[in-house]
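Visitor: got a predicted structure plus its sequence, pasted below:
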Amino acid sequence: MLRIVTDSAGDLPRELAQELNIVTVPIRVNLGGKSYRDGVDLVAQDFKPDTGYEPSTSQPSPWDFQEVFAHLTSRGDEVLCLTLSEALSGTYQSAVIAAGQIPGVKVLDTKLVSAGQGLLAVRAAAAAATKSLAELAAWVEMEKSRIRAFAALDSVEPIVRGGRTSLFARHAAGREGIKLLFTLNPAGGIQILERVRGRKPSLDRLSELLAEGDCSQVALVHVDCPREAAQVARQIEERCRTKVLYIQGAGGAVRTYAGRGAVIVAG
């Protein structure tokens, strides 16, 4: 069997991952002097970055990936591992080091994160039944460029503080009421897409952006704003005439940088 492995920055719903036999390797979230495995020791409802500690993340070790790869290949499976963008994390390099020790494993940098990364993993798992490892890897390389991802952040402070975008974002959002929309560039880095005045218009813009291209399959991730996320999902379904595949609360890794009120869409 050809298995998909990803990391917890993909924000996949646990039930969907289990249904598709996708294995998730947790990223480490560092909070209050302690290190937690995202989605294992630390789940969304336990993540409270407003306790006076500034959270940070660290990539899984090569050993974390090696354990998963060795377990799957020992059963005769082959593995395609899809990591979050190398421009945002060293997770890809950890997976590559681990794969170098084990035959039958291929690692790809998705150049995506959160909803985009999770959506790509879902599509890869669906395609895995009819392809060899080499064929699936080539297919994913093409498919990842088709996925468009957009994020509306309520505050840019977490992403600037975490070093995932430049101080220019703070300047760009400097005026009261200005919200920034972000996307990913071809290298997998985060870039500012637009400045929008007002929270609601910034969220409304997400469905408009998706509707400008093919959005036949959409994933949505949010940070502690389920009602607004549900409204964005309804707008996407109306504009794109499609069903949102899943709405998921972000894990600790993405929460660390996106901050409360973030809504991330991909399609």
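Guide: Thanks, I have it. As the structure is a computational prediction, the values presented were derived from the model and not from experiment. Numbers count the residues shown, from 1 in each chain.

Visitor: residue 24 versus residue 104, what's the distance?
Guide: Per Cβ to Cβ, to the nearest Å, residue 104 is found 19 Å from residue 24. Just so you know, the C-beta spots here come from the backbone N, C-alpha and C atoms, and that holds for glycine as well.

Visitor: so between the two, which is more surrounded?
Guide: Between residue 104 and residue 24, residue 24 has the larger neighbour count (other Cβ atoms under 10 Å), namely 24 against 14.

Visitor: hey, what's that one bridged with?
Guide: For residue 24, the beta-bridge partners are residue 6 (DSSP bridges).

Visitor: touching, it and residue 37? I think so.
Guide: No. Using Cβ atoms under 8 Å as the test, residue 24 is too far from residue 37 to be in contact (10.3 Å).

Visitor: the nearest residue to residue 183 once chain neighbours are set aside - how many residues pack around it?
Guide: Leaving aside its chain neighbours, residue 183 sits nearest to residue 193 (4.5 Å; criterion: Cβ to Cβ, 6 or more residues apart in numbering). For residue 193, the neighbour count with other Cβ under 10 Å is 17.

Visitor: now do the phi/psi pair for residue 193.
Guide: Phi and psi for residue 193, reported as degrees, to the nearest 10, are phi -100, psi -50.

Visitor: show me what contacts it?
Guide: Under the criterion of Cβ atoms under 8 Å, 6 or more residues apart in numbering, the contact list for residue 193 reads 150, 180-183, 209.

Visitor: list the contacts of the longest helix along the chain.
Guide: Using DSSP state H to assign secondary structure, the helix with the most residues in the chain is helix 226-240. Identification of contacts with helix 226-240 by Cβ under 8 Å, 6+ apart yields 203-204, 206-208, 210-211, 215-216, 218, 220, 222, 242-244, 247, 249, 261, 263, 265, 267.

Visitor: please report how far residue 89 lies from residue 188.
Guide: Residue 89 sits 10 Å away from residue 188, taking Cβ to Cβ as the criterion.

Visitor: helices and strands around the helix or strand in which residue 255 is found, which ones?
Guide: Mapping residue 255 onto the secondary structure by DSSP states H and E places it in helix 252-258. Other helices and strands packing on helix 252-258, by 3 or more Cβ pairs under 8 Å, 6 or more residues apart in numbering; DSSP states H and E, are strand 28-31, strand 56-58, helix 157-161.

Visitor: mind putting the ones you listed in TSV, mean neighbour count, distance to residue 6 and mean pLDDT included?
Guide: As requested, these are exported to TSV (neighbours: other Cβ atoms under 10 Å; distance: least, Cβ to Cβ, whole Å; pLDDT from 0 to 100):
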stretch	mean neighbour count	distance to residue 6	mean pLDDT
strand 28-31	20	16	88
strand 56-58	18	16	91
helix 157-161	18	22	77
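
Visitor: could I get the ones you listed as TSV with distance to residue 226?
Guide: What follows is the helices and strands packed on helix 252-258, written out as TSV (distance: least, Cβ to Cβ, whole Å):
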stretch	distance to residue 226
strand 28-31	21
strand 56-58	23
helix 157-161	19
